[in-house]
Structures are given as structure tokens and as C-alpha cells.
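Peer 1: give me the fold of what follows.
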Amino acid sequence: QISWPRIVVKPPQFISISCVSAHLSVCVSAMDKASYTQRPREEPKFQAPDSTTLIISLIAIFVTIVLLYVYKKKKTSRTDVLLVGLCESGKTSIFTRLIHSEDRETFTSIKENISDYTSKNGFVRIVDIPGHERLRGKFDDFKNQARGVVFVLDSVSLQKNIRDVADYLYTILLEPAIASLPFLILCNKQDETMAKGSTAIKSLLEKELNLVRTTRKNQLESVDSSVKSNVFLGKQGKDFEFIHISQYVDVLECSVKNNDIDSLTDWLDRII
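Peer 2: Presented below is the predicted three-dimensional model:
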């Protein structure tokens, strides 16, 4: 009987995966640490703006400061609200009621009336310009200090005086010094039975101002063909409307006889 040698087979030894992972992690950490210590530390860099950007920024700041200064100075220097209109429209009665809060006997003004008016938002100087045709030039003495303009008209006699009213109104609206100012057309004497309302008055004025514009343009062009936009209000090729001009025009009603000038005082509160 043959005796075979005894062979003992040992099972293979496996290395734990977790041990391998841990070993690799330690190696990688060590390598990263060595790499970090060998790499020089980079300091954050501050990039100064180039000269062109700096100059543009300084110019923008300077221009902003100048514009703010000019705007503030212009606003504070314009302290007057001008009352204009034909004779007998009630300007001086409105002036008296506004300043003195009472009715006083008034006469046709031969010189301007001036007084301070204080509202909840501040104060302005009210200037009542004479309505007589020979004295209307007084407007030029105050137009550059104007913060707003009130054109007073008689709501009863407007139909009869529409041409004179529109002609004077056109002259005032054409003035460059008030081209961007608040403008109020104040329809007085609303207590009268025959008084026209503000809507009808606005329509009448727009139609008549359209005729005045055409007449003036034709008259001046017959003398000087180069005269164009300096006498033209509104949009070329379109009938005149208040929304076509640079001023923001309000048309409101009042009755100084009935002590009803709230529309005027509210308007003053808005522009002060």
C-alpha cells in the first residue's frame, strides 16, 4: 500500500478593503500636505483701476454735483407765481382773497401787486400783473423769477372777448422763460348763471389758439420767410391742443365772489 504525502492547503489571506482605503487616504493626505507646503502661498492681488476709468468716474461725480447745485439754485431762485389776464377778469380780487382772506374793493390795477403767500408746503411771492395792454410788459420784469403762471379769465364774457384772451394767452405761452413751468388757466366767476365750465372753455381756447397760431405764422412769413418755429406753438400739421406744448396746463374753475378759490390754493400747494 502506497502512502501518499499529506498536502495541507491554506486558505488565501485577504486584505480588508477598509484597511486599503484608510491606507490610501493617509497617503493622499500626506502627498497633499507635502504639495501644499512646497507650493508658495499666493497673496491676493489688488488691481488698481486704469487712468481712463478713474478720470471718467471723477468727471461723472463732478457733473452730478454741478447739476444738483444748478437745479437747487434754480428752484430756490424762482419764487414768484404770476397772475396774468385781461382787465376785469378778477385777478386783483383773487390776489386780495388769497393774501388777506377777505373781500376788498378793487380797481383796475396800474401797477403790479406783490405779497408773500404761505401754504403748508412753503411760501411763494404772488405777483398780480396789470391787465391793461400798455402795462402787460411788466410780465417781463418777473418772468425769470416765476415758479408758475396763473392766467385768469372771465368765464362769462369769454365768448365776447375770446380773440383778445387767446392772443394774450398765446403770447404768454410762447415765452421761453416759462416754457417748462406749471401753468394754470383759472376760470373765474363760476357763480354767474351764464358762466361757461372749464371743459367748454378749454375747447374754445384750443380752437381760437389754433387760429391765432395760423394768423401769426402767416403774418411773419409774409415779412420774413425764414421765421418758423419761434412763433409756433404745438405740433406741425396738427390742430392746437394744450397737450402738445411744453407747459403742463391745468384748466380749473373758481368763484372769488363766493369765496371759492380752493382749486387755486390746491394748485399752489402742488407746485411749491
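Peer 1: tell me which residues in stretch 250-266 are buried?
Peer 2: For stretch 250-266, the neighbour count (16 or more other Cβ atoms under 10 Å) marks Asp250, Val251, Leu252, Glu253, Cys254, Ser255, Val256, Ile261, Ser263, Leu264 as buried. No exception for glycine: its C-beta is placed from N, CA and C like everyone else's.
Peer 1: okay, that stretch in CSV with CA atoms only?
Peer 2: Output in CSV follows, covering the C-alpha atoms of stretch 250-266 (Å, rounded to 0.1, in the frame of the first residue of the first chain):
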residue,chain,number,x,y,z
ASP,A,250,-54.4,122.9,-15.9
VAL,A,251,-57.9,124.4,-16.6
LEU,A,252,-59.8,124.9,-13.3
GLU,A,253,-62.8,126.8,-12.0
CYS,A,254,-63.2,129.3,-9.2
SER,A,255,-65.5,132.0,-7.9
VAL,A,256,-63.9,134.7,-5.8
LYS,A,257,-67.3,136.2,-5.2
ASN,A,258,-68.4,133.0,-3.4
ASN,A,259,-65.0,132.7,-1.7
ASP,A,260,-64.3,129.5,-3.7
ILE,A,261,-60.7,129.6,-4.6
ASP,A,262,-59.8,126.1,-3.4
SER,A,263,-58.8,125.0,-6.9
LEU,A,264,-56.1,127.7,-6.8
THR,A,265,-54.8,127.0,-3.3
ASP,A,266,-54.6,123.3,-4.1
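Peer 1: ok, Leu186 to Gln236 distance?
Peer 2: Separation of Leu186 from Gln236 (Cβ to Cβ, to the nearest Å): 30 Å.
Peer 1: ignore the last one, Asp167
Peer 2: As judged by Cβ to Cβ, Asp167 and Gln236 stand 21 Å apart.
Peer 1: more crowded one of the two?
Peer 2: Neighbour tally, Asp167 and Gln236, criterion other Cβ atoms under 10 Å: the higher count belongs to Asp167, 16 against 8.
Peer 1: report all helices and strands that the one helix or strand that one maps to contacts.
Peer 2: Following DSSP states H and E, the helix or strand that holds Asp167 is helix 158-173. In terms of contacts (3 or more Cβ pairs under 8 Å, 6 or more residues apart in numbering; DSSP states H and E), helix 158-173 is packed against strand 146-154, helix 198-223.
Peer 1: most packed of these?
Peer 2: Here the criterion is mean neighbour count by mean count of other Cβ atoms under 10 Å, and of those the winner is strand 146-154, at a mean of 23.
Peer 1: now that one, how far from the chain's geometric center?
Peer 2: Centroid separation between strand 146-154 and its chain, computed with Cα atoms, centre = their mean, to the nearest Å, is 19 Å.
Peer 1: swap in stretch 264-272?
Peer 2: 15 Å.
Peer 1: list the buried residues for the helix holding Asp167?
Peer 2: Per 16+ other Cβ under 10 Å, helix 158-173 contains these buried residues: Leu158, Asn161, Ile162, Val165, Ala166, Asp167, Tyr168, Leu169, Tyr170, Ile172, Leu173.
Peer 1: ok, back up a step: nearest to Glu241, of the helices and strands packed on helix 158-173?
Peer 2: Closest to Glu241 of the helices and strands packed on helix 158-173, according to Cβ to Cβ: helix 198-223, at 5.7 Å.
Peer 1: how far off helix 198-223 does the next helix or strand after that closest one point, in degrees?
Peer 2: Counting by DSSP H and E, the next helix or strand C-terminal to helix 198-223 is strand 248-253. Between the axes of strand 248-253 and helix 198-223, defined by axes from the mean of the first three to the mean of the last three Cα atoms, to 10 degrees, the angle is 130 degrees.
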